[in-house]
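Asker: sequence and predicted structure below; questions after.
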Amino acid sequence: MADALRVGIAGLGTVGSSVARLMGQKSAELTRQCGRSLVVTAVSARDRTRDRGVDLSGAAWFENPVEMARKGEIDVFVELIGGDEGAPREAVKTALEAGKHVVTANKALLSKHGVSL
């Protein structure tokens with residue numbers, strides 16, 4: 001089997017922590033469907049101490065999502081911060097420039113900056 005697909009999640013609110021939890025719970029199914037395992041290797045959130053109901057101890061923590069996009073050992077950058085300016089936009093731009101795949105649920109960002117990104 002191919003090497004694991006390394007995923008970084010920026011934003012660990014309700015949606016981000018749910019994505020991380022589901023990736024863990026559905027690991028075998030995702031591996032079967034994708035032909036390789038998916039592993040959360042990096043995360044970025046404002047509060048490291050908040051209980052999110054998911055074990056993220058194996059992931060590198062970044063205070064700044066732009067730094068995670070630039071320096072994180074990830075193949076896929078998942079942006080779940082929200083908003084169309086500031087950190088979300090810069091992080092997505094940086095991830096794309098670094099050759100990383102980007103996944104986002106951020107409709108505001110895509111509608112305002114999708115073409116330029």
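Answerer: Received, thanks. Note that the coordinates shown come from a computational prediction; the quantities given were computed from them, not determined experimentally.
Asker: Leu110 should be in a helix, yeah?
Answerer: Yes. Secondary structure of Leu110 (DSSP: H, G, I helix; E, B strand; the rest coil): part of a helix.
Asker: list the contacts of it.
Answerer: The contact partners of Leu110, by C-beta atoms under 8 Å, 6 or more residues apart in numbering, come to Thr104. (Glycine included, C-beta is placed from N, CA and C.)
Asker: and for Ala10?
Answerer: Contacts here follow C-beta under 8 Å, 6+ apart; on that basis Ala10 touches 16, 43-45, 65, 68-69, 77-81, 87-88, 91.
Asker: for Leu30, see how far away it is.
Answerer: When C-beta to C-beta, to the nearest Å is applied, the distance between Ala10 and Leu30 equals 20 Å.
Asker: show me which of the contacts of Ala10 are buried.
Answerer: 16, 43-45, 65, 68-69, 77-81, 87-88, 91 (16 or more other C-beta atoms under 10 Å).
Asker: of those, which belong to helices?
Answerer: Gly16, Pro65, Met68, Ala69, Ala87, Pro88, Ala91 (DSSP state H).
Asker: the fourth one contacts Arg89, correct?
Answerer: It stands for Ala69. No. The pair Ala69 and Arg89 does not pass the contact test of C-beta atoms under 8 Å, sitting 11.1 Å apart.
Asker: output the ones in helices among the buried ones among the contacts of Ala10 in TSV; the columns should cover pLDDT and distance to Ala105.
Answerer: Converted to TSV, those look like this (pLDDT from 0 to 100; distance: C-beta to C-beta, whole Å):
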residue	pLDDT	distance to Ala105
Gly16	95	9
Pro65	97	15
Met68	97	17
Ala69	97	16
Ala87	90	15
Pro88	90	11
Ala91	95	14
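Asker: farthest-apart pair in those, please.
Answerer: The largest separation in those, counting by C-beta to C-beta, is between Gly16 and Ala69 at 14.7 Å.
Asker: what about the helices in the protein?
Answerer: Using DSSP H, helices in the chain cover 14-25, 27-34, 65-71, 87-97, 107-113.
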